[in-house]
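Peer 1: the following block contains a protein sequence and its predicted model.
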Amino acid sequence: MDFSTIVMYLGFVMAGYSVVGNDSIQTLGTFLSSNEKRPWYVLWLFAGSILAATLIYGWYAYGGDVSYGRLIGDASKGYSIENPKYPLPDPFVWYYLLPPLVLMFITRSGIPVSTSFLILTFFNEKNLYSMVTKSMMGYAVAFGAAAVVYLLITKSLEKRFIENPLDEQKRKYWTIAQWCATGFLWAQWLLQDFANIYVYLPRKLDFSVLMASLAVLLALLGYIFYRRGGAIQEIVKSKTNTVDIRSATIIDAIYGVVLYFFKELNNIPMSTTWVFIGLLAGRELTIRYLLDNAVKKEVLRDVSLDLAKVFLGLVLSIALVFFIKLLAA
């Protein structure tokens, strides 16, 4: 095995850990928070089965491309597996390990940066503008959708959730609803973020490579569940009543619908991080305004800090692209 191949596989493993550790908590964070009493391996089996089904279906339906066309691009624009939108470097050199390395460091600090910008931009910086545009649109749509929904339900539902703990007899119904909402959301997230992980592997995978990569991802996901989400989970817990299974179900449903909308819009990769932060911001500001008749400075600061963190990811990704260009020159 030559050095380029070693870098390729090592990059995949590092990207897998970074993306699962950073981005998946945006998707599964409320699920973990509201199911803290359940064994971690039960939650892992649920999420892992959806991951496996989504990955294998994409490989089958797209002729070996598990990114659902996001790495290859539209055939109408001249892209194909032989001429993909995000070509595989030949050869892989050591500095292609920098994006997941930086992301691993940032993930441990609890900063929710965008893996789409930080990793995909390395492979084709020409697509940065389209990714940023779609991601900003995602933030705005998620913010607006959350604001509208919580304007309608805060006083009728969310206030009641906060003031009245869930009756145990009704918990099983909410548990079913939440697991359905989480399953839908998790699948939509995977359709977007497989591209961020599999950008390190050939655009058309052999079955053996598919199975080996699936085993790696399931192991990484199990580790994240065992650790109960890590540092980024604190962003979820800091928001109003997110540990309540009823609130978590509504959050997951809105997030899943927004991601589905953008999946159907086009196959341009986007930052699910921006969608997640926009949704939490719209929800938090609306709830606090309706319940407190004002938005406190602490809430505004918290929402602004989350947005600043995702902008930091954008700045870092652009800076690293120029740094790589200097190394490659």
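Peer 2: Now that the structure is in, tell me what you want to look at. Just so it is clear, the structure is predicted and the values come from calculations on it, not from any experiment.
Peer 1: low-scoring pLDDT stretches of the chain, where are they?
Peer 2: 21-26, 107-113, 228-243, 325, 328-329 (pLDDT under 70).
Peer 1: which stretches of it form helices?
Peer 2: 3-22, 24-33, 40-61, 98-108, 115, 121-123, 128-153, 159-163, 168-198, 207-226, 233-237, 245-265, 272-292, 297-328 (DSSP state H).
Peer 1: winner for burial among those?
Peer 2: For the helices of the chain, the largest average neighbour count (mean count of other C-beta atoms under 10 Å) is found in helix 115, namely a mean of 30. Using the backbone N, CA and C atoms, a C-beta is placed for each residue, glycine as well.
Peer 1: other SSEs contacting that helix?
Peer 2: Where contact means 3 or more C-beta pairs under 8 Å, 6 or more residues apart in numbering; DSSP states H and E, helix 115 is packed against helix 3-22.
Peer 1: any chance of the helices of the chain in TSV, plus distance to residue 72?
Peer 2: Converted to TSV, the helices of the chain look like this (distance: least, C-beta to C-beta, whole Å):
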stretch	distance to residue 72
helix 3-22	17
helix 24-33	23
helix 40-61	12
helix 98-108	20
helix 115	19
helix 121-123	12
helix 128-153	15
helix 159-163	44
helix 168-198	10
helix 207-226	16
helix 233-237	33
helix 245-265	15
helix 272-292	20
helix 297-328	21
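Peer 1: which stretch among these comes nearest residue 86?
Peer 2: helix 121-123 (4.6 Å; C-beta to C-beta).
Peer 1: which outside residues touch that closest one?
Peer 2: Contact partners of helix 121-123, identified using C-beta atoms under 8 Å, 6 or more residues apart in numbering, comprise 86-87, 89, 96, 98-99, 127-128, 131, 199, 317-318, 320-321, 324.
Peer 1: please apply the same query to stretch 254-270.
Peer 2: 27, 68-70, 73-74, 116, 120, 127, 130-131, 134-135, 137-138, 141-142, 145-146, 149, 181, 184-185, 188-189, 191-192, 195-196, 272, 275-276, 279.
Peer 1: recalculate using a threshold of 6 Å.
Peer 2: Contacting residues not belonging to stretch 254-270 are listed as 69-70, 116, 120, 130-131, 134-135, 138, 141-142, 145-146, 149, 184-185, 188, 191, 195, 275, 279 [C-beta atoms under 6 Å, 6 or more residues apart in numbering].
Peer 1: same question for stretch 174-190.
Peer 2: Residues contacting stretch 174-190 (C-beta under 6 Å, 6+ apart): 27, 31, 47, 50, 54, 245-246, 248-249, 252-253, 255-256, 259-260, 272.
Peer 1: please apply the same query to stretch 45-55.
Peer 2: Contacts for stretch 45-55 (C-beta under 6 Å, 6+ apart): 66, 183, 186-187, 190, 214, 218, 221.
Peer 1: now, the most widely separated pair of the residues you listed?
Peer 2: Greatest spacing in these, by C-beta to C-beta: 66 and 183 (19.0 Å).
Peer 1: quick one on the thing from earlier: and of the contacts of stretch 45-55, the nearest to residue 8?
Peer 2: Distances from residue 8 to the contacts of stretch 45-55, taken by C-beta to C-beta, are shortest for residue 66, at 15.4 Å.
Peer 1: how close does that closest one get to residue 267?
Peer 2: Distance of residue 66 to residue 267, given as C-beta to C-beta, to the nearest Å: 13 Å.
Peer 1: neighbours around residue 97, how many?
Peer 2: Residues lying near residue 97 (other C-beta atoms under 10 Å) number 17.
Peer 1: tell me which of residue 66 and residue 267 has more neighbours.
Peer 2: Legend: neighbour count by other C-beta under 10 Å for residue 66 and residue 267, higher for residue 66 (28 against 19).
Peer 1: which residues does that one contact?
Peer 2: 55, 58-59, 194, 198.
Peer 1: neighbours of residue 65, just the number please.
Peer 2: Count around residue 65 with other C-beta under 10 Å applied: 22.
Peer 1: list phi and psi for it.
Peer 2: With angles defined as degrees, to the nearest 10, residue 65 sits at phi -100, psi 110.
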